[in-house]
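Chemist: Let's see this in three dimensions:
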Amino acid sequence: MTSLISRDLKIFGNELQIVTHGELVVEGIVTGDILAKDVQIGSEAVVTGLVNARMVTVAGTVSGSIRAEKITLTKTAKVDAELHQNSLVIEEGAKFEGKSRHDDDAAALLPNLERAAE
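Modeler: Reported below is the predicted structural model:
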(Lines give C-alpha, C1' and ligand atoms only; values in the text may rest on other atoms or scores of the structure.)
Protein backbone atom coordinates (compact mmCIF):
# COMPACT_ATOMS: atom_id res chain seq x y z
CA MET A 1 0.00 0.00 0.00
CA THR A 2 1.27 3.48 -0.86
CA SER A 3 0.48 6.58 1.20
CA LEU A 4 0.90 10.13 -0.11
CA ILE A 5 1.73 13.41 1.57
CA SER A 6 0.62 15.71 -1.23
CA ARG A 7 2.23 18.91 -2.45
CA ASP A 8 -0.27 21.14 -0.60
CA LEU A 9 0.15 19.33 2.75
CA LYS A 10 2.47 20.64 5.50
CA ILE A 11 3.02 18.52 8.61
CA PHE A 12 4.83 20.03 11.61
CA GLY A 13 5.27 18.78 15.14
CA ASN A 14 7.63 18.31 18.05
CA GLU A 15 8.52 14.64 18.35
CA LEU A 16 6.20 13.89 15.43
CA GLN A 17 6.49 10.42 13.90
CA ILE A 18 4.84 9.33 10.67
CA VAL A 19 4.74 5.52 10.62
CA THR A 20 3.54 3.22 7.83
CA HIS A 21 4.16 -0.43 7.00
CA GLY A 22 3.96 0.41 3.31
CA GLU A 23 5.54 2.90 0.95
CA LEU A 24 5.32 6.63 1.63
CA VAL A 25 5.57 9.25 -1.12
CA VAL A 26 6.28 12.75 0.17
CA GLU A 27 5.49 15.68 -2.11
CA GLY A 28 4.77 18.24 0.65
CA ILE A 29 6.60 19.52 3.72
CA VAL A 30 7.31 17.40 6.82
CA THR A 31 9.03 18.46 10.02
CA GLY A 32 9.32 15.26 12.03
CA ASP A 33 10.43 11.67 11.67
CA ILE A 34 9.33 9.27 8.95
CA LEU A 35 9.47 5.50 9.48
CA ALA A 36 8.24 3.33 6.62
CA LYS A 37 8.99 0.30 4.51
CA ASP A 38 10.09 2.51 1.58
CA VAL A 39 10.14 6.30 1.17
CA GLN A 40 10.19 8.48 -1.94
CA ILE A 41 10.80 12.19 -1.44
CA GLY A 42 9.58 14.17 -4.45
CA SER A 43 11.46 16.97 -6.17
CA GLU A 44 9.45 19.74 -4.45
CA ALA A 45 9.25 18.04 -1.05
CA VAL A 46 11.07 19.30 2.06
CA VAL A 47 11.73 16.95 4.99
CA THR A 48 13.41 17.95 8.24
CA GLY A 49 14.09 15.10 10.65
CA LEU A 50 14.87 11.39 10.50
CA VAL A 51 13.90 9.31 7.48
CA ASN A 52 14.19 5.58 8.28
CA ALA A 53 13.19 2.89 5.79
CA ARG A 54 14.44 -0.08 3.82
CA MET A 55 14.87 2.06 0.68
CA VAL A 56 14.90 5.86 0.50
CA THR A 57 14.92 7.78 -2.77
CA VAL A 58 15.42 11.54 -2.52
CA ALA A 59 14.62 13.96 -5.33
CA GLY A 60 13.81 16.91 -3.02
CA THR A 61 15.32 18.47 0.11
CA VAL A 62 16.21 16.62 3.31
CA SER A 63 17.85 18.00 6.46
CA GLY A 64 18.56 15.71 9.40
CA SER A 65 19.43 12.05 8.98
CA ILE A 66 18.58 9.13 6.72
CA ARG A 67 18.89 5.48 7.81
CA ALA A 68 18.23 2.87 5.14
CA GLU A 69 19.53 -0.28 3.56
CA LYS A 70 19.70 1.61 0.24
CA ILE A 71 19.73 5.40 -0.26
CA THR A 72 19.47 7.01 -3.69
CA LEU A 73 20.02 10.74 -4.18
CA THR A 74 18.70 11.73 -7.60
CA LYS A 75 20.10 14.59 -9.67
CA THR A 76 17.61 17.07 -8.11
CA ALA A 77 18.29 16.08 -4.48
CA LYS A 78 19.50 18.63 -1.91
CA VAL A 79 20.58 16.78 1.22
CA ASP A 80 22.21 18.15 4.37
CA ALA A 81 22.18 15.08 6.55
CA GLU A 82 23.97 12.19 8.15
CA LEU A 83 23.46 9.07 6.06
CA HIS A 84 23.62 5.54 7.51
CA GLN A 85 23.34 2.97 4.75
CA ASN A 86 24.46 -0.33 3.24
CA SER A 87 24.22 0.95 -0.34
CA LEU A 88 24.46 4.56 -1.57
CA VAL A 89 23.80 5.95 -5.05
CA ILE A 90 24.43 9.63 -5.75
CA GLU A 91 23.46 10.78 -9.24
CA GLU A 92 25.41 13.49 -10.99
CA GLY A 93 23.93 16.87 -10.04
CA ALA A 94 22.77 15.84 -6.55
CA LYS A 95 23.87 18.16 -3.75
CA PHE A 96 25.04 16.39 -0.59
CA GLU A 97 26.49 17.96 2.56
CA GLY A 98 27.06 15.87 5.66
CA LYS A 99 28.44 12.47 6.56
CA SER A 100 27.87 9.06 5.09
CA ARG A 101 28.42 5.93 7.17
CA HIS A 102 28.39 2.45 5.64
CA ASP A 103 26.93 -0.35 7.76
CA ASP A 104 27.48 -3.97 6.70
CA ASP A 105 24.56 -5.06 8.92
CA ALA A 106 21.67 -3.93 6.70
CA ALA A 107 19.09 -5.32 9.13
CA ALA A 108 20.31 -2.92 11.84
CA LEU A 109 19.36 0.00 9.59
CA LEU A 110 15.70 -1.00 9.21
CA PRO A 111 13.05 0.78 11.27
CA ASN A 112 11.20 -1.13 13.97
CA LEU A 113 7.73 -0.34 12.65
CA GLU A 114 5.93 -2.48 15.25
CA ARG A 115 7.49 -0.62 18.19
CA ALA A 116 7.12 2.78 16.50
CA ALA A 117 3.39 2.25 15.99
CA GLU A 118 2.76 1.68 19.72
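
Chemist: For the most centrally placed residue in the chain, report the pLDDT, please.
Modeler: In the chain, the residue lying closest to the centroid (Cα atoms, centre = their mean) is residue 51, at 3.4 Å. Turning to residue 51, the model gives it a pLDDT of 98.

Chemist: If it is in a bridge, with which residues?
Modeler: When bridges are called by DSSP bridges, residue 51 pairs up with residue 34, residue 66.

Chemist: So it is in contact with residue 73, correct?
Modeler: No. Using Cβ atoms under 8 Å as the test, residue 51 is too far from residue 73 to be in contact (12.0 Å). All C-beta atoms are positioned from the backbone trio N, CA, C, and that covers glycine.

Chemist: What's the local residue count around residue 78?
Modeler: Neighbourhood size, residue 78 [other Cβ atoms under 10 Å]: 17.

Chemist: Distance of it relative to residue 19?
Modeler: Distance, residue 78 to residue 19, by Cβ to Cβ, to the nearest Å: 25 Å.

Chemist: now residue 9
Modeler: 17 Å.

Chemist: Ok, residue 99 next?
Modeler: 26 Å.

Chemist: ok, for residue 21, nearest residue in space, not its chain neighbours?
Modeler: Setting aside the residues directly before and after it, residue 21 is nearest to residue 113 in space (Cβ to Cβ, 6 or more residues apart in numbering), at 5.5 Å.

Chemist: list the contacts for the one you found?
Modeler: For residue 113, the contacting residues are 19, 20, 21, 35, 36, 37, by Cβ atoms under 8 Å, 6 or more residues apart in numbering.

Chemist: Most neighbours of all these, which one?
Modeler: Counting neighbours by other Cβ under 10 Å, residue 36 comes out on top of the contacts of residue 113 with 27 neighbours.

Chemist: ranges for the strands of this protein?
Modeler: With DSSP state E as the criterion, the chain has strands at 2-5, 10-19, 23-26, 29-35, 38-41, 46-58, 61-73, 78-90, 95-102.
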